[in-house]
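Enquirer: below is the structure, and that's it, no one-letter string:
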């Protein structure tokens, strides 16, 4: 991965000015694009977790917890949960 940030004194991070462009609308550039992709990924994973919970609850009510689909959904929910936990651990989520 190509890093955009550099570490400064007292372990603070910064971007050099050549990585960003300032316009009337705000900042643009590859670092902003990468941040947007990360935010999109977090929103997608969070929404997917909510949808999985609803589907799994319906399957529980229907008595389909032994179904392979239920197990697939469980595995996906666990994987998403692990990714979200890692993002939280590194301070990338609230």
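Expert: Arrived safely. As the structure is a prediction and not an experimental result, all values here were calculated from the model.
Enquirer: so who does the residue nearest the centre of the chain touch?
Expert: For the chain, the residue sitting closest to the mean C-alpha position, by C-alpha atoms, centre = their mean, is residue 42 at 2.6 Å. Applying C-beta atoms under 8 Å, 6 or more residues apart in numbering to residue 42 gives the contacts 84, 87, 92, 93. Backbone N, C-alpha and C define where each C-beta goes, glycine included.
Enquirer: likewise residue 93?
Expert: 42, 84, 87.
Enquirer: between the residues you listed, which sits nearest residue 7?
Expert: The closest of those to residue 7 turns out to be residue 87 (C-beta to C-beta; 20.6 Å).
Enquirer: which strand or helix spans that closest one?
Expert: Per DSSP states H and E: residue 87 is located in helix 68-89.
Enquirer: which helices and strands does that helix pack with?
Expert: Judged by 3 or more C-beta pairs under 8 Å, 6 or more residues apart in numbering; DSSP states H and E, helix 68-89 is in contact with helix 30-61.
Enquirer: could you report the distance from the residue nearest to the centre of the chain to residue 80?
Expert: 11 Å (C-beta to C-beta, to the nearest Å).
Enquirer: which residues are common contacts for those two?
Expert: Contacts common to residue 42 and residue 80, judged by C-beta under 8 Å, 6+ apart, are absent.
Enquirer: one step back: export the contacts of residue 42 to JSON lines and tack on distance to residue 29 and pLDDT?
Expert: Listed next are the contacts of residue 42 as JSON lines, based on distance: C-beta to C-beta, whole Å; pLDDT from 0 to 100:
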{"residue": "84", "distance to residue 29": "27", "pLDDT": "97"}
{"residue": "87", "distance to residue 29": "23", "pLDDT": "97"}
{"residue": "92", "distance to residue 29": "19", "pLDDT": "95"}
{"residue": "93", "distance to residue 29": "23", "pLDDT": "92"}
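Enquirer: that concludes my questions; thank you for your assistance.
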